[in-house]
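S.K.: What follows is a protein structure lacking sequence information:
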C-alpha cells in the first residue's frame, strides 16, 4: 500500500497544475474580443464595403443592439431604416444584406420595399425579422408595403433591431441609363 501512495502527486504539484490551468483560462478569456468592440469593427467594415458580414457578426451585433440600443440609434441617425453595407443612393443590389430598423413604437412601423431593374420578373424579395420571412413578389418595378407590428419587434417596441433582406436574381437597368437598380427600403410613402 505504501508503494501506491508514493506515486500520487503531492499537493504542491496539484496547486501548480491548477494555477497553470487558471492562467490559461484567464488568458483565453482576455483574448476574446468584446461584443461592443466587435460590433464597432463590423460597422466600420460595412461602411467601407469590406467583405460580407458573417452570421456570427450579425449575432454579436444583434446582442449589442439589444443591450445598447444607442449603437443602432447612432447608425440610424435621423432615419428609421438603414442598410448596414454600402449602397448606391440607398439602393442595394446584393443578394443578401442587413438592415438596422428603428423602434416600431406602439403604433408599429410601415416600411416601403421598392424593387427596380431586376434581371427577370417576377422576382422575390424576403424581409426576415427574427427568422420570420415576409415574402414580397414583384411582377415588375414597384413598391410594396410591409407592416411591422410592435409585438414583432425582436427587442421590444421601443428598441431598434436588425433585419435581413434577401433578393433573388441580379439587378441592372437595361441600356446603362444610370438609373438606380436593386432594392430600397424606406419609411416614406411611395
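M.R.: Nice, thanks for sending it over. What you see is a predicted model; the values in this text were computed from it and never measured.
S.K.: Quick check on the most centrally placed residue in the chain: phi, psi?
M.R.: In the chain, the centroid-proximal residue (CA atoms, centre = their mean) is residue 58; its distance is 3.9 Å. Dihedral pair for residue 58: phi -70, psi -40, per degrees, to the nearest 10.
S.K.: With the one 5 residues further on instead?
M.R.: Note on residue 63: backbone dihedrals following degrees, to the nearest 10 are phi -60, psi -40.
S.K.: What are the boundaries of the strands in this protein?
M.R.: 81-83, 96-101, 109-116, 123-129, 132-138, 142-148, 161-167, 182-186 (DSSP state E).
S.K.: Nearest to residue 14 among those strands would be which one?
M.R.: Among those, strand 161-167 comes nearest to residue 14, with 47.5 Å by CB to CB. Yep, even glycine has a C-beta here, placed from its N, CA and C like the rest.
S.K.: Next, the angle from the closest one to strand 123-129.
M.R.: Strand 161-167 runs at 160 degrees relative to strand 123-129, counting by axes from the mean of the first three to the mean of the last three CA atoms, to 10 degrees.
S.K.: Strand 161-167 pairs with which strands?
M.R.: Strand pairing for strand 161-167, determined by DSSP bridges: strand 96-101 (antiparallel), strand 123-129 (antiparallel).
S.K.: Now do the longest one, average pLDDT.
M.R.: When you say that, I think you mean strand 123-129. Average pLDDT, strand 123-129: 91.
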